[in-house]
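Trainee: with the input below, show me the fold.
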Amino acid sequence: MKNIFEQLTDLLIKDERLVSQNGELLKNQTQELARKNDPELIKLLLSDKAIKQHFFFEVEKTLIFDKEKFIRFISNKQFLPDSYTAFKNKIGLTAGDEYLSESKEVVLAWPYKDCVLEGGMTKEDQKRDEIFYNETLAPDDINRLLDAKVFTNFKRIDKKGEHKLDGFKRDEKGTIKDNLIIKGNNLLALASLKKEFAGKVKLIYIDPPYNTGDDSFGYNDSFNHSTWLTFMKNRLMIAYDLLDKDGVIFVSINHIELAYVSILLDEIFGRGNKLPIITLKAGTTASYRSINDCPVNVTEYVLVYSRTQNFKPNPIYRETGYSEDYSHYIENLEKRPEHWNLVKITDLIHKQEGCKNWREYKIKFGSNWKRKRFEAMEEFAFQNKEKVVSLNTLQKPSKNIQEIIDKSKNTREKVFSFSREGASPIYCFNGRTLAFFSSKFRNIEGDIVPSEILTNLWTDISFLGIGPEGGVTMENGKKPEYLLKTIIELVTKKNDIVLDYHLGSGTTAAVSHKMGRQYIGIEQLNYGDNDSVVRLQNVINGDSSGISDYENIKWQGGGDFVYMELAKWNEEWIEKIEKAKTGKELAKIWDEMKETAFLSYKVDPKTVDANAKDFADLIINDQKKFLIECLDKNQLYVNLSEIEDKEYGVSKEDIKLNKEFYE
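Mentor: Residues are numbered from 1 along each chain as shown. The predicted structure follows:
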């Protein structure tokens, strides 16, 4: 007799909407139709007596479809299990589901950057060499996972190269003042920073994996979506504790997860602490993406949250050039305001060329007359900026100012003024207020230019040509230095602490170094010649790319940073598993793991050995995945509490430096 799983499968494949071209049942499509209470699906389920009894119940003679029970049922991995899931269930490794807001699950790692396919590439072409299995741990699996970990391989790096670390620099309050680069799992590294840096970080910037569907985790799988959100939440909750009371977090993201991350940040930081979302122009139509995609997506976003309400960023100004809004010229500025004579700049330009009006001007200069006139207006405005004004509509004026505005509406062609204590007067003309062009001029990067205060639309940050910045390439995985310069200027001052726990190629650390901020960077992967350590060595040696030549930077090199790693334990076994090429190698590793690795409490080695043939029948990637799941993730790295246990082999030098770090 068939079980309920088999009965339901046989029934559902009768609906061709639920079957792929390869004859496989589509779980996601089935779930989606169930959520919509699809009439045809419900009719099909009612046609089988056993299925009807399982997923329907009666209330006062009305039959009700238990949609949630049905969706949970077909989500269960025992329903249509693959060979790996069938084997895992046989061994006895299981996990459950919860809402994200209620979940205490932890996603250990998601190390990949967002990958963007270049023209002609396939997803296979873009895959990295590393094989990494992200794993979600249920609450019962977590006991010492977030305990402070032991650090090792300490070294100070400066212009003269690498040196043994002889101690940390501290300020008068006892806080470590060294720049830190930490290699290892970012969740566990963040947790290890809490004792020393909780409440001390002024700025956190992260550029996490975007979960786009073009990366290695497939966005369309809703499990991956929820896993990604759990991954983000685990780390953001610790990040919140690390921030100073006036600290701010910036999260780069694109449109796919924008709304979800915003809600997640609302939950952790509070809706009242949300600052305006920054929109970046991160691409152009001059790429392969414009061939088929319309509208072409050229934007990315940065979500910004402060640790507490009423945070005030530092004012930043951007060069704007001349705007035709500054359209009037005061001929007799030396006289009292009520006697000022305002004339249109266009009338002056027309007159200079012997024209009575714009029509004559157009005839004289032809199709380029607007550009010609704008250039003339621009030159005139720059030469006479103290006398050039715009006419504006004041938003929400006070009662007294509104009275002056109304008076100027009734008495035309006359300037009225309203004096203010400690501030410039407000001038009104024909119901509008005057703003002087000269007030827009500021020193920006050494030039006195017209400007405006920074808005939340950033179109002046080019993502093109940033490949060579810092002497590392990773073109699809790094942000422009100018973006980080703007963010750092916006919320920090010299010597403030900046943290990036998705460091990648090291843009945040490189810019912080050049700008005199203390930084902490965390990265799990080793990017070889494009690693953050290589980039920071270039910075110390006087890297001239990126923001180095800006007037307020003028980077010449210098400084240092401390490099350190989380001391590995079970992580060493994961690396051995990942590097294995054959099933024979993995079988040998399993025998060694039984002797010396910390295995999960859920694993019975005798049961695994008794099913060795089933294990051998799995594809090699599933064998690797299973062996990694067998390891106790609480013991990935050496816990600080066990630093003097000789089994872990922590050196006397490392014991001394760890005690000093956690002092």
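
Trainee: backbone dihedrals for residue 332, please?
Mentor: Main-chain dihedrals, residue 332, degrees, to the nearest 10: phi -130, psi 60.

Trainee: what residues are up against it?
Mentor: Each residue near residue 332 by C-beta atoms under 8 Å, 6 or more residues apart in numbering is listed here: 339, 340, 341. In this view, the C-beta of every residue, glycine as well, is placed from N, C-alpha and C.

Trainee: how about residue 257, nearest residue that isn't a chain neighbour?
Mentor: In this structure, residue 257 finds its nearest non-sequential neighbour in residue 211, 5.4 Å apart by C-beta to C-beta, 6 or more residues apart in numbering.

Trainee: can you tell me which of the contacts of residue 332 has the most neighbours?
Mentor: residue 340 (22 neighbours; other C-beta atoms under 10 Å).

Trainee: that one is in contact with residue 334, isn't it?
Mentor: No. Between residue 340 and residue 334 there is no contact under C-beta atoms under 8 Å: 9.7 Å.

Trainee: confidence score at residue 409?
Mentor: Note for residue 409: predicted pLDDT of 92.

Trainee: domain parsing of the chain, as residue ranges.
Mentor: 4-77, 81-143+570-635, 144-316+460-566, 328-453 (automatic domain parsing).

Trainee: any idea of the mean pLDDT in the third one?
Mentor: Going back to what we said before, that points to domain 144-316+460-566. On average, domain 144-316+460-566 scores 88.

Trainee: circling back to that earlier point, what would the domains of the chain look like in TSV with distance to residue 661?
Mentor: Compiled in TSV, the domains of the chain are given as follows (distance: least, C-beta to C-beta, whole Å):
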stretch	distance to residue 661
domain 4-77	42
domain 81-143+570-635	19
domain 144-316+460-566	6
domain 328-453	39
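
Trainee: just name the most buried of those domains.
Mentor: The highest mean neighbour count among the domains of the chain, using mean count of other C-beta atoms under 10 Å, belongs to domain 144-316+460-566: a mean of 19.

Trainee: span of that one from start to end?
Mentor: Length of domain 144-316+460-566, first residue to last, C-alpha to C-alpha, to the nearest Å: 15 Å.

Trainee: equivalent analysis for stretch 395-414, please.
Mentor: Termini of stretch 395-414 sit 21 Å apart (C-alpha to C-alpha).

Trainee: and if you look at stretch 576-589?
Mentor: Using C-alpha to C-alpha, first and last residues of stretch 576-589 are 8 Å apart.

Trainee: again with stretch 379-397
Mentor: End-to-end for stretch 379-397, by C-alpha to C-alpha: 33 Å.

Trainee: next one: stretch 431-443
Mentor: End to end - C-alpha to C-alpha - stretch 431-443 spans 32 Å.

Trainee: dump the helix or strand that contains residue 261 to CSV, restricted to CA.
Mentor: Secondary structure assigned from DSSP states H and E places residue 261 in helix 258-269. Provided in CSV are the C-alpha atoms of helix 258-269 (Å, rounded to 0.1, in the frame of the first residue of the first chain):
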residue,chain,number,x,y,z
LEU,A,258,15.7,46.2,-0.7
ALA,A,259,12.3,46.0,0.9
TYR,A,260,13.1,42.9,3.0
VAL,A,261,16.3,44.2,4.4
SER,A,262,14.6,47.5,5.2
ILE,A,263,12.0,45.7,7.2
LEU,A,264,14.7,43.6,8.9
LEU,A,265,16.6,46.8,9.8
ASP,A,266,13.4,48.4,11.0
GLU,A,267,13.0,45.5,13.4
ILE,A,268,16.6,45.7,14.8
PHE,A,269,17.3,49.4,14.7
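
Trainee: other SSEs contacting it?
Mentor: Where contact means 3 or more C-beta pairs under 8 Å, 6 or more residues apart in numbering; DSSP states H and E, helix 258-269 is packed against helix 222-242, strand 243-253, strand 274-281, strand 299-306.

Trainee: those: which one's closest to residue 636?
Mentor: Shortest distance between residue 636 and the helices and strands packed on helix 258-269, using C-beta to C-beta, is found for helix 222-242: 14.4 Å.

Trainee: quick one: that closest one to strand 243-253, angle?
Mentor: Between the axes of helix 222-242 and strand 243-253, defined by axes from the mean of the first three to the mean of the last three C-alpha atoms, to 10 degrees, the angle is 150 degrees.

Trainee: from the chain's centroid, how far away is helix 222-242?
Mentor: Its chain's C-alpha centre and that of helix 222-242 lie 12 Å apart, by C-alpha atoms, centre = their mean, to the nearest Å.

Trainee: what does that helix rub up against?
Mentor: Contact partners of helix 222-242, identified using C-beta under 8 Å, 6+ apart, comprise 28, 31, 100, 103, 105-107, 110, 134, 136, 186-187, 190-191, 193-194, 197-201, 204, 206, 208-209, 211, 217-219, 249, 257, 260-261, 264-265, 268-269, 307, 499, 501.

Trainee: next, the angle strand 299-306 makes with it.
Mentor: 40 degrees.

Trainee: use 536 as the first number from now on
Mentor: Got it, the first residue is 536 from now on, which makes the last one we talked about helix 757-777.

Trainee: report the inter-axis angle for helix 757-777 versus helix 793-804.
Mentor: 40 degrees.

Trainee: using CSV, write out every CA atom in helix 757-777.
Mentor: Output of helix 757-777 as CSV, limited to C-alpha atoms (Å, rounded to 0.1, in the frame of the first residue of the first chain):
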residue,chain,number,x,y,z
SER,A,757,12.2,30.7,-1.2
PHE,A,758,14.3,28.7,1.3
ASN,A,759,17.4,30.4,0.1
HIS,A,760,15.6,33.8,0.5
SER,A,761,14.7,33.1,4.1
THR,A,762,18.2,31.7,4.7
TRP,A,763,19.7,34.8,3.4
LEU,A,764,17.5,37.0,5.6
THR,A,765,18.5,34.8,8.7
PHE,A,766,22.1,35.2,7.7
MET,A,767,21.7,39.0,7.6
LYS,A,768,19.8,39.1,10.9
ASN,A,769,22.3,37.1,12.8
ARG,A,770,25.1,39.5,12.0
LEU,A,771,23.1,42.7,12.1
MET,A,772,22.0,42.0,15.7
ILE,A,773,25.6,41.8,16.8
ALA,A,774,26.4,44.9,14.7
TYR,A,775,23.8,46.8,16.6
ASP,A,776,25.6,46.1,19.9
LEU,A,777,28.9,47.2,18.5
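
Trainee: need the strands for the stretch 536-685 of the chain, in chain order.
Mentor: 591-594, 597-600, 641-642, 671-672 (DSSP state E, counting those that start in this stretch).

Trainee: with just CA atoms, put the first one into PDB.
Mentor: So that's strand 591-594. Output of strand 591-594 as PDB, limited to C-alpha atoms (Å, rounded to 0.1, in the frame of the first residue of the first chain):
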ATOM      1  CA  PHE A 591      -9.600  19.300   4.500                       C
ATOM      2  CA  PHE A 592     -11.700  19.700   7.700                       C
ATOM      3  CA  GLU A 593     -15.400  20.500   8.200                       C
ATOM      4  CA  VAL A 594     -16.900  23.500  10.000                       C
END
